[in-house]
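S.K.: pasted the sequence and its predicted model underneath.
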Amino acid sequence: MKFSLSWLKQYLETDAGIEDVAATLNRIGIEVEGIEDPAEKLAGFRVAKILTAARHPDADKLQVLTVDTGEGDPLQVVCGAPNARAGLVGVLGLPGASVPANGMVLKKSAIRGVESNGMMCSVRELELGDAHEGIIELPEDAPVGTPFAQYHGADPVIDVSITPNRPDCMGVYGIARDLAAAGLGTLKPIEAKAIAGTYPCPVAIRIEDAQGCPAFYGRVIKGVTNGPSPLWLQECLKAAGQRPISALVDATNFVMLGYGRPAHAYDLAKLNGAVTARRAVEGETVVALNEKEYTLTAEMTVIADEAGVHDIAGIMGGEHSGCDEATRDVLLEIAYFDPERIALTGRALNLTSDARARFERGIDPAFLDTGLDLLTALILDLCGGEASEVVRVGAAPASPRIVHFTPALTAQLGGVPIPEAEQQRILENLGFAVVAEQAGFEAGWAVTVPGWRPDVDGAPDIVEEVVRIHGLDNIESVALPRADGVALPTATPAQALERRVR
């Protein structure tokens, strides 16, 4: 999973740099696979101003420019962009720079017999987007001579490996929570204001497969304007390896990647009647958003209207009802799907997706309303429109799990003594609720596990949480000698029994 430092800091109040973030993640058991610094790709590119533009003597579609680089004499550059003109402030790649899009190393050369010292660049050539009709046009007051990476604010990107038992860290907010618990900063609260609808939802939402889809929340937003999302959102998605598509689609991806909460938006004009979470009919087909057709079985959960299937539930939406530039009204879907059903369906269809990766590991069942509020607010901000009332059908399995925990277990099982007050601080910062047990339970706590931690179901799991946030590197390795010089076995009696049984 990839995310930028600036995206992390949307949720984490910290002055830490990328190296401190990486070191802390490794220390608390979230493995860092790599760090990418886009500034390295933009080395040799600087803000420059075109002083003059004249037609090339031997090519109708080329111009000969004189370009102010902020130091020394202006450079002569040959350019074929139709928008190149005197007074334009853009980005110049100097000789020696490597073009990010194709790896071409720029050098002083002659183009149709005229010397050219570098290249004025387009958005696509710098891998900042798809636009390539002309060269980049910066504001007139952009500081000429400044390295473009510095002006653009090139943001480091960190790549982490998330183990299957940590679905909470498949959203940037969950990673911010762990870092805050480890003392790297302060976690910002999720600001999700409930948005009251101004009219009843015009679409009926139903559940016929309560096992596969226990809960389905939805609402309509009418009068949206779907176009490119703002630069900040595009940069977040590109840092995560996603291709920006449109404001509506990008909004759903942002909520998924930021909070680990998959969602979907349907073009309301392409739906027919009630929308239902049901079992597929044996042999039913759907063309998914990846443009491939899938044949479904009766064991699979789908989202369908009265005309047919529109969504392989929790895995991928259908091509037919996807949002495009013409979309004006949308139906938002926030649902809870059974993790086992999602995993079995994904394997049967050989279909992977970011949504599947989260649903099959287990998302927070209590995040339905908050997720819908976040998505609604973001779409209204990006696309305008007017929201309907929310329709809530079913309920997610959100019964709290309480683990009885004795703080002394941390030293016994984890091998490191940690004061009780520090253990409580760690657990509460991770979202666990800690209450002292009444008399009769020796120095114990009742620890309520948050819904985003399906992997925690016993006291040893609590020990693991405390120890990893305290720092795995604080655990000393100790070899216990035997009389014959051979180290004693380190397995607990329970582990030894399990190994014998296996």
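M.R.: Yep, it's here.

S.K.: tally of neighbours for the nearest residue to Lys222 once chain neighbours are set aside?
M.R.: Among residues not flanking Lys222 along the chain, Asp329 sits closest, at 4.6 Å (Cβ to Cβ, 6 or more residues apart in numbering). The C-beta positions use only the backbone N, C-alpha and C, and glycine is treated the same way. By other Cβ atoms under 10 Å, the residues close to Asp329 number 19.

S.K.: spit out the contact partners of Asp329.
M.R.: Going by Cβ atoms under 8 Å, 6 or more residues apart in numbering, Asp329 touches Val220, Ile221, Lys222, Gly223, Val224, Asp267, Leu268, Ala269, Gly385.

S.K.: in strands only, show me those residues.
M.R.: Judged by DSSP state E, strands contain the following of the contacts of Asp329: Val220, Ile221, Lys222, Asp267.

S.K.: next SSE after the biggest helix by length in the chain?
M.R.: Ranked by residue count, the top helix of the chain under DSSP state H comes out as helix 368-383. Later in the chain than helix 368-383, the nearest helix or strand by DSSP states H and E is strand 386-387.

S.K.: partner strands of that following strand and their direction?
M.R.: Using DSSP bridges, strand 386-387 pairs in its sheet with strand 215-222 (antiparallel).

S.K.: how about the partner strand: buried residues?
M.R.: When burial is assessed from 16 or more other Cβ atoms under 10 Å, strand 215-222 yields the following buried residues: Ala215, Phe216, Tyr217, Gly218, Arg219, Val220, Ile221.

S.K.: surely the fourth one is in contact with Cys201?
M.R.: Yes: with contacts defined as Cβ atoms under 8 Å, Gly218 counts as touching Cys201 at a distance of 6.8 Å.

S.K.: related to what we said a few turns ago, closest to Ile469 among the ones in strands among the contacts of Asp329?
M.R.: Ile469 lies nearest to Ile221 out of these, by Cβ to Cβ, at 39.8 Å.

S.K.: can you pull the contacts of the closest one?
M.R.: By Cβ under 8 Å, 6+ apart, Ile221 lies in contact with Asp329, Val330, Leu332, Thr376, Ile379, Leu380, Cys383, Gly385, Glu386, Ala387, Ser388.

S.K.: what number of residues lie near the fifth one?
M.R.: By the measure other Cβ under 10 Å, the count of residues near Ile379 is 24.

S.K.: and it, what does it touch?
M.R.: Ile221, Val224, Ala247, Leu248, Ala251, Ala265, Val330, Leu332, Gly385.

S.K.: possible to save these as JSON lines with distance to Gln76 and pLDDT?
M.R.: As requested, the contacts of Ile379 are arranged in JSON lines below (distance: Cβ to Cβ, whole Å; pLDDT from 0 to 100):
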{"residue": "Ile221", "distance to Gln76": "53", "pLDDT": "98"}
{"residue": "Val224", "distance to Gln76": "48", "pLDDT": "97"}
{"residue": "Ala247", "distance to Gln76": "41", "pLDDT": "96"}
{"residue": "Leu248", "distance to Gln76": "45", "pLDDT": "97"}
{"residue": "Ala251", "distance to Gln76": "45", "pLDDT": "97"}
{"residue": "Ala265", "distance to Gln76": "50", "pLDDT": "97"}
{"residue": "Val330", "distance to Gln76": "51", "pLDDT": "98"}
{"residue": "Leu332", "distance to Gln76": "54", "pLDDT": "98"}
{"residue": "Gly385", "distance to Gln76": "50", "pLDDT": "97"}
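
S.K.: which ones are touching the nearest residue to Leu126 once chain neighbours are set aside?
M.R.: Of all residues not flanking Leu126 in the chain, Pro100 sits nearest, at 5.6 Å (Cβ to Cβ, 6+ apart). Pro100 makes contact with Lys41, Leu42, Glu125, Leu126, Glu127, according to Cβ under 8 Å, 6+ apart.

S.K.: neighbours of the second one, just the number please.
M.R.: It stands for Leu42. Other residues near Leu42 come to 25 when the count uses other Cβ under 10 Å.

S.K.: wait, isn't it in contact with Gly153?
M.R.: No: using Cβ under 8 Å, Leu42 is not in contact with Gly153, being 10.7 Å away.

S.K.: tell me, which strand in the protein spans the most residues?
M.R.: Counting residues, the longest strand found in the chain (DSSP E) is strand 45-56.
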